[in-house]
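Student: I need the structure of the sequence given here:
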Amino acid sequence: MSHIPVLEVGGTHVTAAVIDTDAGLPVPRSVVRHPVAADAAAGELLDAIAGAADRADVCEGAHWGVAIPGPFDYAAGVGHFRGIGKFESLHGVDVRAELLRRLPGRPRGISFINDADAFAVGEYRAGAAAGHERAVCITLGTGVGSSFLDGGQPVGGGPDVPPEGRAHRLTVGGLPLEEVVSRRAIRRYYTDLAGGAHEGRAPDVHDIAALARDSDPYAQRTIRHCFGALGRALAPWCERFGASLVVVGGSMTGSWDLVGPAIRAGLQAATPGTAPPLATALRPADAPLIGAAHWAPHGSSGATYAGT
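Tutor: So this is what the prediction gives:
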């Protein structure tokens, strides 16, 4: 069947859709986005996640694809959220069993996939990574999401990828990557540089980008430092993996005129002459949904893939 129902669970929202995998697109008017409180009790969270699917036109006995952030046991369908500030109430909960009871159409199964992997698979199937045998896909939001794709399949281990296939496991300048490039790290770096130049609440990343465009030297230095560090951290792994493209998505690509050149400079500085091209996602909103749909037939409850 080419029409597969999917859910994408984020820190502030859940999106439901039906994906036409032949067309590589959501079925028209099937996408529903609802807010979700990441600090809610387990029952409330699960009701909110399933509630987004209530308006979906789903066949009886459908197999769902669900993109959800880690830490999560994707094969077992059990949450391992502890000490990360979101979905803590789902720690140890059999999310598969709970959603099977709640989703419409008496589903026959659910396949879970890491949200960054879902984004990458979606970009491979219908976006910027199409036609690239090996690609590295990065999402820049609160932190750094990543997926190393080989033939459209996420690689979760081995000598050619970072630990567990995740860029956020890397270090740069002796620090964990997300202590250098993440929403909190970028804001902290700018505040430390600017000192008392901006009183009150630290500017957010999009504000820092706007200041950089207005020639604020502290903002310009922040963008170059933080996103350049990301490029330097990725470069040797892109080379080792043999990536022919790096695709970047996430909210921070709204400032691509600044972010892109900084990442590119970092890649080229670390691996001059061999750095892969850099591109923004072609389907930033739909890619995780498309990826979850393509994963659904393969990521059954017995799947061995266990991305984090």
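Student: switch to C-alpha atoms for all contacts and neighbour counts from now on
Tutor: OK.
Student: quick one, longest helix in the protein?
Tutor: Ranked by residue count under DSSP state H, the longest helix found in the chain is helix 217-241.
Student: I'd like the distance from that helix to the chain centre, please.
Tutor: 18 Å (CA atoms, centre = their mean, to the nearest Å).
Student: Can you give the contact residues for it?
Tutor: Helix 217-241 is contacted from outside by 134, 136, 160-162, 167, 170-172, 177, 180-181, 186, 189-190, 193-194, 208-209, 211-213, 258-259, 262-271, 274-276, using CA atoms under 8 Å, 6 or more residues apart in numbering.
Student: wait, what's in contact with Glu88?
Tutor: By CA under 8 Å, 6+ apart, the neighbours of Glu88 are Ala38, Asp39, Phe81, Arg82.
Student: Okay, the residue nearest the centre of the chain and Arg188: tell me how far apart.
Tutor: Nearest to the geometric centre of the chain sits Ala116, at 3.1 Å (CA atoms, centre = their mean). To Arg188, Ala116 is 25 Å away according to CA to CA, to the nearest Å.
Student: Count the residues that sit near the closest residue to Phe148 other than its chain neighbours.
Tutor: Among residues not flanking Phe148 along the chain, Val136 sits closest, at 4.7 Å (CA to CA, 6 or more residues apart in numbering). Look at Val136: counted by other CA atoms under 10 Å, it has 28 neighbours.
Student: ok, then the element right after the longest helix of the chain?
Tutor: strand 246-249 (DSSP states H and E).
Student: Can you list the helices and strands that that next one packs against?
Tutor: Counting contacts by 3 or more CA pairs under 8 Å, 6 or more residues apart in numbering; DSSP states H and E, strand 246-249 packs against strand 134-140, strand 278-280.
Student: could you give the angle of the first one to helix 217-241?
Tutor: This means strand 134-140. 150 degrees (axes from the mean of the first three to the mean of the last three CA atoms, to 10 degrees).
Student: Touching strand 134-140 from outside, list them.
Tutor: Contacts of strand 134-140 (CA under 8 Å, 6+ apart): 116, 119-120, 129, 144-152, 182, 238, 241-253.
Student: Could you identify the buried members of these?
Tutor: 116, 119-120, 129, 144-150, 152, 182, 238, 241-250, 252-253 (16 or more other CA atoms under 10 Å).
Student: quick one: low-confidence parts of the stretch 201-308 of the chain?
Tutor: Scanning the stretch 201-308 of the chain for pLDDT under 70 picks out 299-308.
Student: Against Gly77, how distant is Ile68?
Tutor: In terms of CA to CA, Ile68 sits 10 Å off from Gly77.
Student: what do these two both touch?
Tutor: Common neighbours of Ile68 and Gly77 (CA under 8 Å, 6+ apart) are Phe112.
Student: tally of neighbours for Ala233?
Tutor: For Ala233, the neighbour count with other CA under 10 Å is 22.
Student: er, Ile84 I mean
Tutor: Ile84: 10 surrounding residues under other CA under 10 Å.
Student: Quick check: which element contains it?
Tutor: Ile84 belongs to no helix or strand, assigned by DSSP H and E.
Student: Adjust the sequence numbering to begin at 12 for everything that follows.
Tutor: Let's use 12 as the start, then, which means that last one is Ile95.
Student: Give me the pLDDT for it.
Tutor: In this model, Ile95 is scored at 76, pLDDT.
Student: The stretch 12-161 of the chain: strands as residue ranges?
Tutor: According to DSSP state E, counting those that start in this stretch, the stretch 12-161 of the chain carries its strands in the segments 14-20, 24-31, 36-37, 43-46, 74-79, 83-84, 89-90, 120-125, 145-151, 155-161.
Student: can you count the residues close to Gly72?
Tutor: Using other CA under 10 Å, the number of residues around Gly72 comes to 12.
Student: what residues are up against the residue nearest to it when sequence neighbours are not counted?
Tutor: Distances taken as CA to CA, 6+ apart place Pro118 nearest to Gly72, at 4.3 Å, with adjacent residues excluded. Pro118 sits next to Glu71, Gly72, Ala73, His74, Trp75, Leu111 when contact means CA under 8 Å, 6+ apart.
Student: now do 7 Å
Tutor: Taking CA atoms under 7 Å, 6 or more residues apart in numbering, we find Pro118 in contact with Glu71, Gly72, Ala73, His74, Leu111.
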